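Trainee: generate coordinates for the sequence data below:
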Amino acid sequence: MDPNDLKNFFDLIPEDSRNYLLKPSFKNIGTVINGIFLDKYEPLVINGLIKQNQIDQLKSALNKKLSDIPEEKLDNSNSLIAIRALEELRYQMNSDTLIEMFANLISNSFNSDYNKSVQNLFVHIIGNMSHETAVLLEDWQFIRQESTPYAYITRKNEDGTYCLITSSIIAYFDYKATLNKGTDNITQSIQIETKIIEVPQELSELEYLGLVKISDGTYQPSSGNIYQMIANKYNATIADILDRSESESSLYLNRGIVELTPLGKSFCNVILNQHH
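Mentor: Numbering: from 1, shown residues only. Below you'll find the model as predicted:
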């Protein structure tokens, strides 16, 4: 990408959308954003650390999201958060999912519907989130599951002690849409599957960022069949159902729950809102 293309931030957004967003009260914001691109982005472009397709994705995302804001809901009261998000975004340009999250934060900072929900802390959260964790959160929260079954596997040793075998297992509903092309029409079918995955790093990251709370020993009685599915997958016995002294298994599934914190709920409402 030619660095000269960054001499004006407004070139990043098609004319219709930039004119729509940058009313007179937004002109100073535009000037600041222009300076950010010259100062923060140009060195990365010159050294090839930001590619054309990444800029194109950001351009497309911002164009769509900004133009979708009704004119009567345009509000610049959170503009400093949007500007800070734009600065931080340059370090996450290698992830399509994180670009999308930042684009949602930037656009919703100008939308009065989100004034009370948008927080400066969200910039820090997305800026410190890995691509893998972002994908997991987006996948898990596709249908707004505020909590989900959590488990880990322990093994009973010969001396009666227990050791950890597998940690941070979660299970949630995965919705897959399939387009079926008929002779005269196209229909869509939805397949629901229970996704069981091991995500120790991602869960630790979400917990560190304050988005989830992990409770060991607390579980959802209504999800008993899902815990049993996890146990079956690992050939384990659910630890709190059968007396361990009577079990022939040496592997035990310990139940828990992962749930969004109040911060996590607010974050998902603002950052993942475009999926609903």
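Trainee: so where is the stretch 151-276 of the chain shaky, pLDDT-wise?
Mentor: When residues are selected by pLDDT under 70, those of the stretch 151-276 of the chain lie in 175-191, 241-249, 273-276.
Trainee: which residue ranges of it form strands?
Mentor: Along the stretch 151-276 of the chain, the segments classed as strands by DSSP state E, counting those that start in this stretch run 162-181, 186-198, 212-216, 237-238, 251-260.
Trainee: and the ones you listed, which is most packed in?
Mentor: Counting by mean count of other C-beta atoms under 10 Å, strand 251-260 has the highest mean neighbour count of the strands of the stretch 151-276 of the chain, with a mean of 21. Where C-beta positions appear, they are placed from N, C-alpha and C, glycine not excepted.
Trainee: now do the contacts for Glu132.
Mentor: For Glu132, the contacting residues are Gln201, Glu202, taking C-beta atoms under 8 Å, 6 or more residues apart in numbering as the criterion.
Trainee: can I assume Tyr172 is in contact with Gln145?
Mentor: Yes - with the criterion set as C-beta atoms under 8 Å, Tyr172 and Gln145 qualify as a contacting pair; they are 5.6 Å apart.
Trainee: what about Asn108, how many neighbours?
Mentor: Residue crowding around Asn108 was assessed by other C-beta atoms under 10 Å; the count is 26.
Trainee: circling back to that earlier point, can I get the strands of the stretch 151-276 of the chain in JSON lines with distance to Leu137?
Mentor: JSON lines is the format used below for the strands of the stretch 151-276 of the chain (distance: least, C-beta to C-beta, whole Å):
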{"stretch": "strand 162-181", "distance to Leu137": "11"}
{"stretch": "strand 186-198", "distance to Leu137": "13"}
{"stretch": "strand 212-216", "distance to Leu137": "9"}
{"stretch": "strand 237-238", "distance to Leu137": "27"}
{"stretch": "strand 251-260", "distance to Leu137": "9"}
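Trainee: can you pull out the helices in the protein?
Mentor: Residue ranges of the helices in the chain, as given by DSSP state H, are 15-21, 27-36, 42-46, 52-67, 79-89, 96-108, 121-127, 131-140, 200-208, 224-233, 262-271.
Trainee: show me what counts as buried in the last one.
Mentor: Buried positions in helix 262-271, judged by neighbour count with 16 or more other C-beta atoms under 10 Å: Leu263, Gly264, Lys265, Ser266, Phe267, Cys268, Asn269, Val270, Ile271.
Trainee: before we move on, back to that, right, so of the strands of the stretch 151-276 of the chain, which gets closest to Ile226?
Mentor: With respect to Ile226, and counting by C-beta to C-beta, the nearest of the strands of the stretch 151-276 of the chain is strand 162-181 at 5.0 Å.
Trainee: looking at the helices of the chain, which is buried most?
Mentor: Ranked by mean neighbour count under mean count of other C-beta under 10 Å, these are led by helix 96-108, which reaches a mean of 23.
Trainee: so for that helix, what's the average pLDDT?
Mentor: Helix 96-108 carries an average pLDDT of 92.
Trainee: how about stretch 59-71?
Mentor: Per-residue pLDDT over stretch 59-71 has a mean of 81.
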